Structures are given as structure tokens and as C-alpha cells.
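> 3D, please:
(chains A, B, C and D)
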Protein chains: 2
Amino acid sequence: MPPEKQYYQAHPTFHVAVDSIIFGFDQGELKLLIHKRQFEPARGEWSLFGGFVQQDESLDEAASRILSEHTGLRDIYMEELHSYGEVDRDPAGRVISVAYFALIPAGEFTEAGKSKSGATWVSMEELPSLIMDHNQMVEKALRRLKRRAATQPIGFELLPGEFTMPQLQALYEAIYQSKLDKRNFRKKILAMEVLIKLDTKDKSSSKKGAYLYRFDQKKYKKLVEGGYNFTI
Amino acid sequence: MPPEKQYYQAHPTFHVAVDSIIFGFDQGELKLLIHKRQFEPARGEWSLFGGFVQQDESLDEAASRILSEHTGLRDIYMEELHSYGEVDRDPAGRVISVAYFALIPAGEFTEAGKSKSGATWVSMEELPSLIMDHNQMVEKALRRLKRRAATQPIGFELLPGEFTMPQLQALYEAIYQSKLDKRNFRKKILAMEVLIKLDTKDKSSSKKGAYLYRFDQKKYKKLVEGGYNFTI
DNA sequence: TCAAAAGTGTTCAAGATACACCCATGA
DNA sequence: TCATGGGTGTATCTTGAACACTTTTGA
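Just a heads-up that it's a prediction; the model follows:
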């Protein structure tokens, strides 16, 4: 055995898990996707979606795999949130967990909730108690979401490809838990110049109908490359 | 064996390392503490300080331990930065690494550099090529530092307990790589009301001498609890 | 015709930026 | 006495916040 392998092998190894904090937006409310844990310990209690990292996959790949196994969704916005490594965080053994933060667009919302693994959307307003340190993870994820939403146009990840201003505003209001002024909100959003206004209207929530917009990915990328950064 | 242990054991385990991006500030420059790696693979190449997590310690504890083993310093500002888990990131085997971001106060700067483990402070301006994905970690840490410095009074972690306005300004200029206006800078900093002006002056860098300040921890904590947040 | 949601501008206050001179002191 | 770095105030601009009425249309 080469010396470096020997050196490495003198050190312990650990189970590494990923747990995903999956946010969705529906009915004017920010929601979290959870399920009842299907194995011991704490079987039957509310838990984030998680699983163990396998030999042939990176952390990011494990997070995507687990998300798609449970929700059937692919190409979802995910980013690493934080790693949790307290010695006794899992009563059944030492597990180091890497938490991921995911945003599911409203269009794919129902589908994800209907998965076979008993996925349930719960309102962030009335979050149940989750196993182990999962509530702590959710709190951190919520702080991250607030910051991201304020500085990057990440909110669009939670809406369908075409959305109206009132929808976008409702989303921001749900994230920040506060009312925003219509006129000021539109002004700021439009000042970014990353929205394309369509000719079609969405009449599902009013008689007058609200214009649909689409997020201009290309324009946004150019702005970011040029050093721009957003603020709501 | 209880069923949960069996379930866990069906999954692979991994070596988990921590790597620390250690920033210091000296001679008006932002610096990084690195050393030449002492074991294979890549022995003798520039590397961040790192090591393997042990059975009886959390990730945070491992990071603190490794920092103090190499620099002799304790109670240093550290926070988790990001986890790196690409399958082939380490040519000698699968290692998942949790990167930490640390700030060493100027007073303890020299001491840290003189450790037996060959620690060297290098200027962020002329950073050498580091092993594996360590340069990537440093880039991320630098972005984190910039953001933190702009929104939390974290810059104080890089200065001695008593410091002058010109020193503080030079630090921010080093972090942002840009000149700041003296009057505006003082105005903003003093408007935070978290500095205590002392009667003593520091004459080490001018004949007139500059007043020393101390950071008011208590006042800062109160502000943060009240929902305040800083902006430089 | 009216109820309900969508859309639109202006004023004011606060915060950010630009900018130039005097002060204290050791050499 | 003079060179060097430390310290200070004001005017202007930009940005964020507050605020009320008209429009559209299906029921």
C-alpha cells in the first residue's frame, strides 16, 4: 500500500448524509416540503428529505439524486447551505450531514407533493417539530432565502416561467412576512430591467387580468458578469 | 444489532477533512496563512491548513483543533464556509472536506507565522497555486470576507483590540481593493456607535498620532438583537 | 353598475458621495 | 520650519419611503 493511503487510513471515516430544505410557494404562502421518516430511529416523525451519500457521487449529485428520488423533479435550484457535524446529532450513530437549500417552482409544486414517499407541503407559518437538528437547518435556510431574495433574483425560481407582478409581489411578501407598496415594488423590479413583459394577461385572479412577465436569463447573466447586484 | 444500525451500515463511509482559509492583515495587506504540505500526495506543495476529523469531535471542534495545532492560537473567529465533495478532488482517495474561514487578529499575527509547521503568510495579491481545490476555497472565502465586512463589523476580528481609524480604513481598503474617502468612512463607522474612543494615541505611524478605539462588544450585541445590521 | 384587483407618479426625507483645508508633531 | 499623516464639515445627488386615484371587466 502506498504511504499516502496508509496515512489516510489511520483516520476514521463517517457516514455522510445530505438533507434538503425544499421551499415552495403556493396560495400566497411560503411552504416547506417534508415527510414522515421511514426508518429508525424516529420513524414516523417529521423530517426533511435526506439520504446517505454514496461512493460514486459528489455531495451535489447526492443532493440532486435524493431530491429527484423523492419528488421526481430534476434541474431544481439547489445550493449547499451548511454542514452539521455535532458528535451526537444523530442518536443512532455518527452522521455528518450536509444541508442543501432547494427552491421548487410553483408549476411543479403539486406534482412534488404527490410523490409516493408521502411528501407533504407545510406552511412555514405552522411548521411542526422536526427530527434531530432539522428545525435548526430550516431556520438557517430561511435566513438564506431572505438574503438571497434581497440580493439576487432568486425569487423567480419559486414562480412558474410566466408570472404576474402581483404574484411576484406576493412571493416577496411571503418571504419577508411584511406588506410591500405596489408602486415602489414595481418600480424597483422594473428598474432592474431583467423582466420581459408579455402581451398576454393572466385572468385567473382578477377580471381585469394582470400582464405576464418572463425573467430574462441572458440579460441577467450579462449584468452579473458586469458586476451588478440586485437589491429589493 | 438494532435495525437502525443495520440500515446505516448498508451505506459507505468517508474520510472527512477540514481545511481552513486563515486571513490576517499586516503591512496594509490582506494575507493568507498557508504551508507546505507534509505528507503525500502533493507533499511540499502549498496548501491550506487542514486535517482529518476524528471520532470524538464535531466539525467545528476539528477546525479549532487543527488551527490551534498549527498556530498555537485559540478563540479565533471561525465559521464554516462550504463543503467540497467532488468524487475525485483528492487524488489519493475519497475525502470530503469542510472548509472553514478564520480571521486572526493582527496582534497575534507574527506568532502564528512562526509556528513549527512552516506556516507562511502570503499576500492575497500574489497568491501561489495551491493543491487540489484549495484556490477555489480561497476565492469563496474572499467573497465571504467582503460580504461579511460590509454587513457585520467583522473587520475588527483582524485588528488588535485597540486600533486607530487609519488602520481600520486601511483594512477595509485592503479587503475591497479600493480607496475610501477618509471623512465618509469615519462618518459611517462612528454612526454605528459601536466604537469607544480612548484618550491614548498611537504614534507608531505618524508624529501627530492617531486616537485609539476599542470595539464595544456589549453595544454591538444589543444592536444585533434589536435587528440592526451594518453596512460599510 | 359595481365590486375587485391591476395599474400608474410625485413629493419628501434620508443616506451616500464628493470635495479641501487646518492641526499636531518630530525631525 | 516643514514634511507627514490625522482630523474635520458642507453641499449635492441619489435612493428609498410614503401616499390615492383611475382602469378594466365579469358577474
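
> A:R65 should be in a strand, yeah?
No: assigned with DSSP: H, G, I helix; E, B strand; the rest coil, A:R65 falls outside any strand and is helix.

> Around DNA strand C, pick out the residues from chain A.
A:164-166, A:181-184, A:186-187, A:201, A:205-211 (CB under 7 Å from any atom of the strand). All C-beta spots, glycine's among them, are computed from the backbone N, C-alpha and C.

> Doesn't A:L180 belong to a strand?
No: A:L180 is assigned coil when assessed by three-state DSSP, not a strand.

> returning to that earlier point: any chance of a ChimeraX selection covering the buried ones in the residues of chain A next to DNA strand C?
To isolate the buried members of the residues of chain A next to DNA strand C in ChimeraX, using 16 or more other CB atoms under 10 Å in any protein chain shown:
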select /A:164,165,166,210
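
> from memory A:R74 sits against A:R65, does it?
No: between A:R74 and A:R65 there is no contact under CB atoms under 8 Å: 9.9 Å.

> Show me where chain A dips below the pLDDT cut-off.
A:1, A:113, A:115-116, A:226-229, A:232 (pLDDT under 70).

> now check the longest helix along chain A, is it near chain B?
Across chain A, the helix with the greatest residue count (assigned by DSSP state H) is helix A:134-151. No: Helix A:134-151 is not in contact with chain B by CB under 8 Å from any CB of the partner chain; minimum separation 9.2 Å.

> now swap in stretch A:100-107 and tell me
No: contact of stretch A:100-107 with chain B is not found when judged by CB under 8 Å from any CB; the minimum separation is 10.0 Å.

> ok, back up a step: go ahead and measure how far the longest helix of chain A is from the middle of the chain.
Its chain's average C-alpha position is 9 Å from that of helix A:134-151, according to CA atoms, centre = their mean, to the nearest Å.

> neighbouring contacts of it?
By CB atoms under 8 Å, 6 or more residues apart in numbering or on different chains, the list of residues contacting helix A:134-151 from outside reads A:19, A:21, A:23, A:32, A:46-48, A:81-82, A:84, A:99, A:101, A:103, A:124, A:127, A:129-130, A:154-155, A:172, A:175-176, A:229-232.

> ok so, going back, who has more neighbours out of A:R74 and A:R65?
A:R65 (16 against 10; other CB atoms under 10 Å in any protein chain shown).

> Tell me how many other residues surround the nearest residue to that one once chain neighbours are set aside.
Using CB to CB, 6 or more residues apart in numbering or on different chains and skipping residues adjacent in sequence, the residue nearest A:R65 is A:E57, 6.6 Å away. Using other CB under 10 Å, A:E57 has 17 neighbouring residues.

> Surely A:E57 and B:V87 touch.
Yes: between A:E57 and B:V87 there is a contact at 6.8 Å, judged by CB under 8 Å.

> Can you tell me the element the most centrally placed residue in chain A falls in?
Closest to where the C-alpha atoms of chain A average out (CA atoms, centre = their mean) is A:A102, at 2.3 Å. Per DSSP states H and E: A:A102 is located in strand A:95-103.

> Can you tell me the strand partners of that strand and which way each runs?
strand A:15-26 (parallel), strand A:77-84 (antiparallel) (DSSP bridges).

> mind putting these in JSON lines, mean neighbour count and distance to A:F39 included?
JSON lines is the format used below for the strands paired with strand A:95-103 (neighbours: other CB atoms under 10 Å in any protein chain shown; distance: least, CB to CB, whole Å):
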{"stretch": "strand A:15-26", "mean neighbour count": "23", "distance to A:F39": "12"}
{"stretch": "strand A:77-84", "mean neighbour count": "20", "distance to A:F39": "19"}
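
> tell me the SS of A:Q54?
Taking three-state DSSP, the label given to A:Q54 is coil.

> Please list all residues in contact with the residue lying closest to it once chain neighbours are set aside.
The shortest distance from A:Q54 to any non-neighbouring residue, by CB to CB, 6+ apart, is to B:P12 (6.3 Å). By CB under 8 Å, 6+ apart, B:P12 lies in contact with A:H15, A:F52, A:V53, A:Q54, A:Q55.

> For chain A, which segments are assigned as strands?
A:15-26, A:29-36, A:46-47, A:49-52, A:77-84, A:95-103, A:120-123, A:162-164, A:195-202, A:210-215 (DSSP state E).

> Spell out which parts of chain A neighbour chain B.
Checking chain A against chain B by CB under 8 Å from any CB, the hits are A:2-5, A:7-8, A:11-16, A:39-41, A:52-60, A:62, A:80, A:82-87, A:92-96, A:98.

> and those residues, which are buried?
Neighbour counting with 16+ other CB under 10 Å marks A:4, A:8, A:13-16, A:40-41, A:52-53, A:57-60, A:62, A:80, A:82-86, A:92, A:94-96, A:98 as buried within those.

> just checking, A:S123 touches A:E29?
Yes: assessed by CB under 8 Å, A:S123 is found in contact with A:E29 at 5.0 Å.

> For the closest residue to A:A17 other than its chain neighbours, the count of nearby residues, please.
Nearest residue to A:A17 in three dimensions, chain neighbours excluded: A:S97, at 4.4 Å (CB to CB, 6+ apart). A:S97 has 25 neighbours, counted by other CB under 10 Å.

> likewise the one 3 residues further on?
Residues lying near A:Y100 (other CB under 10 Å) number 27.

> Ok, A:H70 next?
When neighbours are counted by other CB under 10 Å, A:H70 comes out with 21.

> For it, give me its contacts.
So A:H70 contacts A:H35, A:F49, A:S115, A:S117, A:A119 (CB under 8 Å, 6+ apart).

> out of those residues, which is most surrounded?
Going by other CB under 10 Å, A:F49 tops those with 24 neighbours.

> Bridge partners for that one, pull those for me.
A:S20.

> could you list every residue that touches it?
A:D19, A:S20, A:I22, A:L33, A:I34, A:H35, A:I66, A:L67, A:H70, A:T71, A:S117, A:A119.

> now the first one, nearest residue through space, not along the chain?
Leaving aside its chain neighbours, A:D19 sits nearest to A:G50 (3.7 Å; criterion: CB to CB, 6+ apart).

> for that neighbour, what are its contacts?
Neighbours of A:G50 in contact, by CB under 8 Å, 6+ apart: A:A17, A:V18, A:D19, A:S20, A:I66, A:S97.

> Among these, which pair sits farthest apart?
Maximum pairwise distance in those, criterion CB to CB, is 11.8 Å, between A:I66 and A:S97.

> what do those two both touch?
In contact with both A:I66 and A:S97: A:V18, A:G50, using CB under 8 Å, 6+ apart.

> Domain-wise, how is chain A divided?
A:13-139, A:155-225 (automatic domain parsing).

> Could I get these in JSON lines, plus columns for distance to B:K219?
JSON lines is the format used below for the domains of chain A (distance: least, CB to CB, whole Å):
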{"stretch": "domain A:13-139", "distance to B:K219": "26"}
{"stretch": "domain A:155-225", "distance to B:K219": "27"}
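
> Nice, that's everything, thank you.
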